[in-house]
Every structure is written in C-alpha cells, then in structure tokens.
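>>> Got a sequence here, can you build the structure:
(chains A and B)
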Amino acid sequence: MSHITSSNRPRGGGQGKGGARRQENNKIYAYPLPLLFSPPPRTTVSLATSRVLGIFGSSNIQVENPHCEGVLDRATKSVWVTNKKDAMILWRRGFFGKGDLSRSEPSWHTRQVNAHREAAASAGKTLTSEEIREKRRAERIQFKLDRARAMAQAAEEAEIAFKEGRQANTVSIPSGATWKPQQSTQEPSTTEQTLVSKVMPEVEEDEDKIKEEEPLEDIEHLQLTLQETFFLIWNFDCLTVRDPLYDKRLTLKEIWQTLQEVYYPSLPSSSLKLLHSYANRFDNQFLVSYVAYHHYRSLGWVVKGGIKFCVDLLLYKRGPVFQHAEFGVVVIPVYEDPEDQITSPFRLNNVEPFTWSWLSTINRVNAQVQKTLILTYVTIPARSRVDAALVSSPACLAHYSVRDVVLRRFIPARMRD
Amino acid sequence: MESHPSHGELSQLVEKYPQTAGSLFQTYNDLKLAQQWEDLQILDLPACSRGAFKGRRPKTTDMLLVVPCSLAESLSISWFDEAFKQLGKPSQIYLAINAEDSNIVYYKISPGIIKPPV
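So this is what the prediction gives:
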C-alpha cells in the first residue's frame, strides 16, 4: 500500500497542509539506510559496558538487518524484489529501487484500486504521485490550448487592424507563470475528451464489471539496478540475490563475478575465446558505473537514474519525496592507458569527448529544470600498471579515481554566491 | 522474467531476439499495465531484430506504434528508415528507451520536420 507522496511545489494550501505532509514524510522516511541501529538500554550496567567496549573499539549497539531477497533478471540487467515487505523497506530506508509499473514508489496496485473508486480521485484523498502528475499534465494541456487560442486571436486582431490602418488592441497571451486553471466542476478526464475522440461507454462498463469480480493481483515488483544491488550486498549485507539460471542464492564472490558477466555481449557457445577477452577488464560497464554510484552514495546522496534528464545519475539530498534532485551527473570514463581503449571489446558511453552542441544540450535541459550539471570523470586503471587479476575482488575499486567538475548555470540577478 | 504473467504473450519474440528481450518485456508491461493501453498487438520487426507494439491509449481511437530499445543501444538513421518501412510508413512512431532501473522515456519520431501541435 503506497503512501501519499507530496507534490514538491508549495501549493496554495499553505503552511498547514504542507507541514502535515512533510511531518508524515519525515516519519515514514526517517531511516536513511536499510540497517537500523538501536542504542543499548540506558541502564548503569550497559552504559559501563559500552564504555569498556568503546575502549577496545567495539560497541553493544544492536543492528537490525531486514535480510531482503531479490531475483536476478539478466534480460533487463536488474534485480527484482517481489516481496512487498522487502520492497517497502528498501524504498523507505534509502530510496533504493523503483516500482517497475510506477514513477518511483511501487504504487501500481493503489492506482488500480483508486481508478475503480472514482470518488477517491476526485475527492483528492489518497492521490499517488502518478495521479498528481496526470492532473498537472491535464492542466498544462489546457494552458497550451488557451495560449494557442490567445495567440491566434492576437494574430487575427493584428491582421484586421493592419487592413484598417490602425494599431491593434493588445490581447493578453497567458504565460506559464500567470495562467490559472479554470475552477470548473469538470473532472480532469473530460479535458482529455475535448481534445480527442469520444469515450466508448459500452467497453468501459464491461471492463468495470469484470474488474470488480476478480480481486486484483499485485504484479508489480521493485526493480533494483545492479549497482544498487551490489551496494546493498557489499556494504550492508542486507540483500540476498537468487540466480534463476542455476536456481541458487549467490555468495558475495559469485555476485561480484555475475554482475560483471551480465554486461558481456551474448555470444554463441562455441566462442569461449571471445568470452575470455571480456573477462578481467577494468572497463567493464558494471565496474565503471558502480564506482560512480558508490562514490556519491557514500557521500550521503540518494542516487537515482537520470534518463529523464539526459544524464546518467540524479543526486537527491534526502530523497525524491522531499525535494527535486539538485544535481544531474554525467559519468565520463577516462582510460588511464589509451592502449586499453583500443584493445577493449566494450564500447563504453561518453568516452569520446563531447561536442560543444551536445554538452550545451544537456546543460540546457538541466538548467531548464533548475538542476546543476556535474561531469564525473572515472579513471579506469591501466592494465599495464595494475594486475588484471585484481578484478576478481572489489579490492580493485580502490584503483579507480573519481573527479567531478560542476557546470553551474549563472544568473547574476538571482545568484548571490 | 519467465514467471511473470506477461511472459506468455512475449515468449516467441523473447526467444527469437534474446538481445532485445529486456526492453521488449519492460515496454510491454508499461504499456499494458501502467498506461493501460487497449487493443495492444505485438508485432515482429525483423529489420530491426526486435518486436514492436501497436495499440491505442485509453479513451482514444488512434492506433499508435511503439518500438522498444535499450539505453545502451546505438541507433542510426538507416535503422529508423528500415523501421518506418517495415511498419508500413506511418506518420510517426514512438521510440521507447528503456533504462535498467525500469524507467522508460518515449520519444515521438516522425520522418522529416514536424511543427509541434500547440
């Protein structure tokens, strides 16, 4: 059961509504990581024990580990968490993963249930973020129509005025900042109707009847990227991954190997020699992207995918439900030894220098949504300097280096620092 | 993926084109379950080595074409040419770009220069 996720712009409702939602979010998303640390009971004995243990560098703080389970899916290059409880824990404690049928938090089942109870949607009670998004899109379409109409009207006025040889009366053209949605009693769905052909009433009725009869099964899962998966396993040991191909739970060593192999291009079984050329390479897509992910996660950022904004990663200060992402990260792999790039069987993204036009495009897209662009250079160690056999363990990650460059959009009128 | 209810309808294309199975599967689920598209048909696009979809958005009548691809792929203009040809030269197709975190961005691709509607 998904929770109400607040819309990020402060609405006209004011302090009261916004404050309550924020408080609720603070309660639900109180834990930044899947592990919970509970302090020992405050008795004299335990305080004394913790001081003694502290001298030896240990502690008697209890760690609660949720021990979640996931399944590796090679086709989609991800790990699926189908258990609802595990999915909620991973989402709520650190915003790991994404519902595969939802925008962020798995809310597909809630939306289906809400869709059948029309009263809930129009009363605006338990609206999911997708439903809020639909309302916002309907409003934007209406705004665009109003604007187009006003522009056509202004053009007509100008034509007539020109013919009569006088100045045209000014027609006000609505702008994004000043336009207000009409406070009509119509439901948002009817706005769609004015744009497209009419609804088919008979088909709708039949579907509703069928849906009411069967209880709806929740077929959504939480999808974790391979980088999130390894981060959870390696650093917190709170996730176990089952491999459906061999039907077994993978150990840490096996996971490390398997996640790299997911990125090998698929080959006919006869070319083992080619397979050999993919192994033990520092420029495996998994390793390079994991380095960037780990770097920002360990600095405390919530890291999500950035495909919607033409970047590789998005960095959130606390999480998507609190504030929009402040930074968009483009991961640029750099080969320490250019020879490695020539002999590489992989073709990594962003290795070639950007053209100015492409960099400007990405910067513009992000500037439009008030995000700052970060170029993250991940240096891939040279095979000539570092032994390639090191790839068999995460210890090789220490040989990668990460440097970031911030591209800031500067507006003298607004920025004072 | 095999245990998912959608796998049944897609199993033929998943076997035929294993490289694009992931994006096909994700796009199918998004269109069918999340976007609730109606009259969803699964097409075979051998020129692009993948399946494609044809359906209509809820409460509309236009049939739209969707071609899935993954973010890692590199597509050329000739690839699009082939796709348009094989899909019967439609005025537009939607390219569904799938990311590994299950995000899908849809881009409307039309042959030639088209002015935005509003």
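
>>> Just the residues contacting the helix or strand of chain B with the lowest mean pLDDT, thanks.
Of all helical and strand segments in chain B, the minimum by mean pLDDT, DSSP states H and E falls on helix B:7-16, at a mean of 91. With C-beta atoms under 8 Å, 6 or more residues apart in numbering or on different chains as the test, helix B:7-16 has contacts from A:75, B:1, B:21, B:24-25, B:28, B:42, B:44, B:50-51. (C-beta placed from N, C-alpha, C; glycine too.)

>>> After it, heading C-terminal, what element do we hit next?
Sequence-wise, the next helix or strand downstream of helix B:7-16 (DSSP states H and E) is helix B:21-29.

>>> What's the first helix or strand after that following helix?
Downstream of helix B:21-29, the next assigned helix or strand under DSSP H and E is strand B:38-45.

>>> residue closest to the middle of chain A?
A:Lys304 (3.7 Å; C-alpha atoms, centre = their mean).

>>> That residue sits in which helix or strand?
Short version, using DSSP H and E: A:Lys304 is in strand A:302-305.

>>> So that strand, near chain B or not?
Yes - residues of strand A:302-305 contacting chain B under C-beta under 8 Å from any C-beta of the partner chain: A:304-305.

>>> which helices and strands does that strand pack with?
Packing partners of strand A:302-305 (3 or more C-beta pairs under 8 Å, 6 or more residues apart in numbering or on different chains; DSSP states H and E): helix A:285-298, strand A:313-316.

>>> Please name whichever of these is nearest to B:Ser74.
helix A:285-298 (14.0 Å; C-beta to C-beta).

>>> Report the separation between the most centrally placed residue in chain B and chain A.
By C-alpha atoms, centre = their mean, chain B has its centre lying nearest to B:Val67, at 2.6 Å. Note on B:Val67: its distance to chain A, by C-beta to the nearest C-beta, to the nearest Å, is 17 Å.

>>> Might you report the residue contacts of the residue nearest to that residue when sequence neighbours are not counted?
Closest residue to B:Val67 apart from its sequence neighbours, by C-beta to C-beta, 6 or more residues apart in numbering or on different chains: B:Ala52 at 4.7 Å. By C-beta under 8 Å, 6+ apart, the residues touching B:Ala52 are B:42-45, B:65-68, B:83, B:87.

>>> Quick one: name the residues of chain B near chain A.
Going by C-beta under 8 Å from any C-beta, the residues of chain B near chain A are B:1-2, B:4-5, B:14, B:18-19, B:21-23, B:25-26, B:29-30, B:33-34, B:38, B:59-62, B:71-72, B:74, B:97-103, B:105, B:118.

>>> quick one on the thing from earlier: just the closest of the contacts of B:Ala52 to chain A, please.
Closest approach to chain A among these (C-beta to the nearest C-beta): B:Pro68, at 11.4 Å.

>>> list the contacts for that closest one?
Contacts of B:Pro68 (C-beta under 8 Å, 6+ apart): B:20, B:23-24, B:26-28, B:50-53, B:96, B:98.

>>> Helices along chain A, start to end?
For chain A, the helices defined by DSSP state H occupy A:15-28, A:44-55, A:84-92, A:108-116, A:118-123, A:129-164, A:188-195, A:201-213, A:226-236, A:252-261, A:272-278, A:285-298, A:338-342, A:356-368.

>>> Tell me how far the second one lies from the chain's centre.
The gap between where helix A:44-55 is centred and where its chain is centred comes out at 42 Å by C-alpha atoms, centre = their mean, to the nearest Å.

>>> In this structure A:Pro106 contacts A:Arg92, no?
No - using C-beta atoms under 8 Å, A:Pro106 makes no contact with A:Arg92, being 11.2 Å away.

>>> neighbour count winner among these two?
A:Pro106 (25 against 18; other C-beta atoms under 10 Å in any protein chain shown).

>>> Next, that one: phi, psi?
Backbone torsions for A:Pro106, taken as degrees, to the nearest 10, come to phi -60, psi 110.

>>> Quick check, pLDDT for it.
Looking at A:Pro106, its pLDDT reads 93.

>>> Can you tell me who the nearest residue to it once chain neighbours are set aside pairs with across the strands?
Nearest non-adjacent residue to A:Pro106, counting by C-beta to C-beta, 6+ apart: A:Gly99, 3.0 Å away. Taking DSSP bridges as the rule, A:Gly99 bridges to A:Leu222.

>>> how about the nearest residue to A:Phe236 once chain neighbours are set aside, what does it touch?
Closest residue to A:Phe236 apart from its sequence neighbours, by C-beta to C-beta, 6+ apart: A:Leu35 at 5.3 Å. Contacts of A:Leu35 were listed using C-beta under 8 Å, 6+ apart, and they are A:63-66, A:236, A:238.

>>> How is chain A divided into domains?
Per automatic domain parsing, the structural domains of chain A span A:37-66, A:68-99+A:227-262, A:115-209, A:272-417.
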